[in-house]
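>>> sequence? don't have it. structure:
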């Protein structure tokens, strides 16, 4: 990609200046833009539940996942007790000093996985910029023991809000956006206007590119390669509209290759400095089909991550409830 150019640097610093939320919620804050979600926003989201139907937005965590290996692997499930242990009598007597089995059997397992290998939230400790992370804290606060501050556990129980699906390819009559295509503020505004919607402070935008739909049977370089995604120029729009969270059906939220000569510049602006929650590899296809059928693109969004203390990200069982 080469060394950053002066115009790229100027643009990046300009967006940081106008989009930063550092100290907006105090020097001790560790949840960023999720502060925009309070009781009023949760009650509003709850009122959107009219049919009592929930739709999962999470990929299965298994060996068929999107990771190619190397930087991150797909989840591995190891069975430590099985049904064959039971039927062959290996569990009688029961382990742990629990006595005779008397017909009882059980299975048990261990899961080994990178915290960001599937549907997940980035923590505010995940990305650094010039030695700092969210709210100006030093990157040195993330060590081999985990993040002393800005860990993903701070999000747990906080991701309950109004969600809006922005289905860009469907709006354009396409199956998927091609790799390298950037989604701009005009694209988002056009979709909202067409569906009679307005973004509200504390909302979550769930932006579908269709890229997961066309890759889920043959992932290839889905994780880390060229992809459609949000433009860097979305940053001021997200800040101006006080969006609390953004989740996409891609590996990295923003368009790849990146639009300027910095790696993942939208993360630098909107996650590190804006404190917006970034969700990656959300499975939005079933939700898109449901929204197309009933014409309702807003819903209650519930997506609390696992409280993994000090982690840079965490898996999530995300739901849209309509």
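Thanks, I have the structure now. These figures come from a predicted structure and were not determined experimentally.
>>> residue contacts, the residue nearest the centre of the chain?
In the chain, the centroid-proximal residue (C-alpha atoms, centre = their mean) is residue 279; its distance is 1.2 Å. By C-beta atoms under 8 Å, 6 or more residues apart in numbering, the residues touching residue 279 are 119-122, 245-248, 253, 303, 316, 318. For every residue, glycine as well, the C-beta is placed using N, CA and C.
>>> could these be laid out in a markdown table, adding distance to residue 37?
Putting the contacts of residue 279 into a markdown table (distance: C-beta to C-beta, whole Å) gives the following:
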| residue | distance to residue 37 |
| --- | --- |
| 119 | 20 |
| 120 | 19 |
| 121 | 14 |
| 122 | 17 |
| 245 | 8 |
| 246 | 14 |
| 247 | 14 |
| 248 | 19 |
| 253 | 19 |
| 303 | 12 |
| 316 | 16 |
| 318 | 15 |
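>>> restricted to strands, list these.
Counting by DSSP state E, these place 120-122, 245-248 in strands.
>>> using a markdown table, lay out those together with pLDDT.
Output for the ones in strands among the contacts of residue 279, formatted as a markdown table (pLDDT from 0 to 100):
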| residue | pLDDT |
| --- | --- |
| 120 | 98 |
| 121 | 98 |
| 122 | 98 |
| 245 | 98 |
| 246 | 98 |
| 247 | 98 |
| 248 | 98 |
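>>> on that earlier part again, which strand residues bridge the residue nearest to the centre of the chain?
residue 121, residue 247 (DSSP bridges).
>>> let's number from 622 now, not from 1
Renumbered: residue one is now 622, and that last one reads residue 900.
>>> and the strands in the stretch 772-921 of the chain, which stretches?
781-788, 803-804, 825-829, 850-851, 866-869, 898-901, 919-923 (DSSP state E, counting those that start in this stretch).
>>> what is the fifth one packed up against?
This means strand 866-869. Strand 866-869 sits against strand 825-829, strand 850-851, strand 898-901, with contacts defined as 3 or more C-beta pairs under 8 Å, 6 or more residues apart in numbering; DSSP states H and E.
>>> next one: the last one to chain centre, how far?
Read it as strand 898-901. With C-alpha atoms, centre = their mean, to the nearest Å as the basis, strand 898-901 stands 3 Å off its chain's centre.
>>> could I get the average pLDDT for that strand?
Averaged over strand 898-901, pLDDT sits at 98.
>>> looking at the contacts of residue 900, which one is closest to residue 765?
Checking the contacts of residue 900 against residue 765 with C-beta to C-beta, the nearest one is residue 743 at 19.5 Å.
>>> what sits against that closest one?
737, 888, 892, 898-901, 933-934.
>>> quick one: which of these is nearest residue 802?
Using C-beta to C-beta, the contacts of residue 743 come closest to residue 802 at residue 901, 17.6 Å.
>>> go ahead and confirm the closest one touches residue 738.
No - with contacts counted by C-beta atoms under 8 Å, residue 901 stays clear of residue 738, the gap being 10.2 Å.
>>> residue 809: how many residues sit nearby?
23 (other C-beta atoms under 10 Å).
>>> nearest residue to it in space, ignoring adjacent ones along the chain?
Distances taken as C-beta to C-beta, 6 or more residues apart in numbering place residue 787 nearest to residue 809, at 5.7 Å, with adjacent residues excluded.
>>> for that neighbour, what are its contacts?
Residue 787 touches 804, 809, 812-813, 826-829, 918, counting by C-beta under 8 Å, 6+ apart.
>>> against residue 891, how distant is it?
Remark: distance between residue 787 and residue 891 (C-beta to C-beta, to the nearest Å) = 16 Å.
>>> per-residue confidence at the nearest residue to residue 651 once chain neighbours are set aside?
What sits nearest to residue 651 in space, not counting adjacent residues and going by C-beta to C-beta, 6+ apart, is residue 775, at 4.4 Å. Note on residue 775: pLDDT of 98.
>>> please apply the same query to residue 708.
Here the pLDDT value assigned to residue 708 is 97.
>>> quick check, it in contact with residue 726.
Yes - Residue 708 sits in contact with residue 726 when judged by C-beta under 8 Å, with a separation of 7.5 Å.
>>> tell me which of those two has more neighbours.
Each of residue 708 and residue 726 has its neighbours counted (other C-beta under 10 Å); residue 726 has more, 17 against 10.
>>> ok, which stretches of this structure are helices?
627-640, 660-668, 704-708, 789-792, 806-815, 832-836, 856-861, 886-887, 906-915 (DSSP state H).
>>> sorry, back to before: to residue 766, which of the helices and strands packed on strand 866-869 lies closest?
When the helices and strands packed on strand 866-869 are ranked by proximity to residue 766 (C-beta to C-beta), strand 898-901 comes first, at 23.6 Å.
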